[in-house]
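**Student:** Model the following, please.
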Amino acid sequence: MNHSSTEAEAETTEPLRYLSKVEAAAIETELLKDYRFGQQQLVEIWGHACAIAITKAYPLSSMGKKQPTVLVVCGPDQNGSIGLVCARHLRIFEYEPTIYYPKRSSHSLHQDFTVQCEKMDIPFLSYLPTEVQLINDAYNLVIDAILGPETDPVSIKEPYSGILVTLKQVKIPIASVDVPSGWDVEEASQDGINPEVLISLTAPKKCAIRFPGKHFLAGRFLPYDIQKKYDLNLPEYPGTDCLIEL
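**Tutor:** Numbers count the residues shown, from 1 in each chain. The predicted structure follows:
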């Protein structure tokens, strides 16, 4: 293929769509209602993809320990349950996750994911380690599965507002699920947490347009009709991978 035809091809490729809060919610509703995906199925797909993204961004060999320790901080809603699934898969991938899940959901689905983690002997903390403890206890990584796209940053209450204050100060890397906690879905935060890695689910959200860190997209499962309807212009995923680095 000559150089000019490659350039022409690049010019005709439509740019990747970044979703608004309303669009992201509409796609999820369609998946559940029209395409008959189950909530548990979606959370499992996303949590598994998040764990794989972590293994790509922080391979076992690069972590300097036999088993790297990962603190997974889970919120009360769907992002929290995605964090639980992610922790379970990381355990299977021979990482050493610990979960902090301060307000457990009464939703039976979240309870099922919690039991699955307990049965895998993943420890649950009753408090968030302080900034000093996070460093001294040598967690290699924090996974932020606290607040999802449905959360309005202005209305964040305790214990989550306090957790975010701590996470803003830690020096160890943070990987955020879908939307960094404390950020508005539609715009990047100036004073929120500063993750090193972002794992966008389904399609990236508008706040991630200028995300400076490592950015993964986990959305290969999306039906083609939905991709077309929303002009998502998703990238070609390599091989059989369920995610791609953008």
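**Student:** contacting residues for the residue positioned nearest the centre of the chain?
**Tutor:** Per CA atoms, centre = their mean, the C-alpha nearest to the average position across the chain is that of residue 177, at 1.7 Å. Going by CB atoms under 8 Å, 6 or more residues apart in numbering, residue 177 touches 46, 50, 79, 82-83, 86, 143-145, 148, 199, 201. Every residue, glycine included, has its C-beta placed from N, CA and C.
**Student:** again, 10 Å this time
**Tutor:** Contact analysis of residue 177 by CB atoms under 10 Å, 6 or more residues apart in numbering lists 46-47, 49-50, 53, 72, 74-75, 78-80, 82-83, 86, 143-148, 195, 197-201, 218.
**Student:** Phi first, then psi, for it.
**Tutor:** Geometry field for residue 177 lists phi and psi as phi -90, psi 120, criterion degrees, to the nearest 10.
**Student:** number of nearby residues for the closest residue to it other than its chain neighbours?
**Tutor:** Excluding the flanking residues, the one nearest residue 177 by CB to CB, 6 or more residues apart in numbering is residue 145, at 4.6 Å. Using other CB atoms under 10 Å, residue 145 has 31 neighbouring residues.
**Student:** Show the contacting residues for residue 145.
**Tutor:** The contact partners of residue 145, by CB under 10 Å, 6+ apart, come to 47, 50, 72-75, 77-87, 99, 101, 175-178, 181, 199.
**Student:** so residue 225 makes contact with residue 232?
**Tutor:** No. Counting by CB atoms under 10 Å, residue 225 stays clear of residue 232, with 11.1 Å between them.
**Student:** And for residue 131, nearest residue in space, chain neighbours not counted?
**Tutor:** Spatially, and ignoring its direct neighbours in sequence, residue 131 is nearest to residue 169 (4.8 Å; CB to CB, 6+ apart).
**Student:** Please report how far the one you found lies from residue 117.
**Tutor:** 27 Å (CB to CB, to the nearest Å).
**Student:** Among the two, which residue is more densely surrounded?
**Tutor:** Counted by other CB under 10 Å, residue 169 and residue 117 do not tie: residue 117 has more neighbours, with 22 against 12.
**Student:** looking at it, that one is touching residue 100, isn't it?
**Tutor:** No. Using CB under 10 Å as the test, residue 117 is too far from residue 100 to be in contact (11.9 Å).
**Student:** Find the residues that touch each one of the two.
**Tutor:** The contact lists of residue 117 and residue 100 share 72, 74, 83, 123-124, where a contact means CB under 10 Å, 6+ apart.
**Student:** Need the single longest helix in the protein, by residues.
**Tutor:** Ordering each helix of the chain by length in residues (DSSP state H) puts helix 39-57 first.
**Student:** Each with direction, which strands does the helix or strand that that one is followed by pair with?
**Tutor:** Per DSSP states H and E, the first helix or strand lying C-terminal to helix 39-57 is strand 69-74. Paired strands of strand 69-74, with direction, are strand 96-100 (parallel), strand 141-145 (parallel) (DSSP bridges).
**Student:** Most tightly packed of those strands?
**Tutor:** Highest mean neighbour count among those (mean count of other CB atoms under 10 Å): strand 141-145, with a mean of 27.
**Student:** Following element in sequence after that strand, please.
**Tutor:** Once strand 141-145 ends, the next helix or strand along the chain (criterion: DSSP H and E) is helix 160-169.
**Student:** So for that next one, what gets flagged as buried?
**Tutor:** Residues of helix 160-169 classed as buried: 160, 163-164, 166-167 (neighbour count, 16 or more other CB atoms under 10 Å).
**Student:** for stretch 94-111, same thing?
**Tutor:** Buried residues in stretch 94-111 (16+ other CB under 10 Å): 95-102, 105, 110.
**Student:** Check those residues against residue 34 and report the nearest one.
**Tutor:** Checking the buried residues of stretch 94-111 against residue 34 with CB to CB, the nearest one is residue 110 at 24.4 Å.
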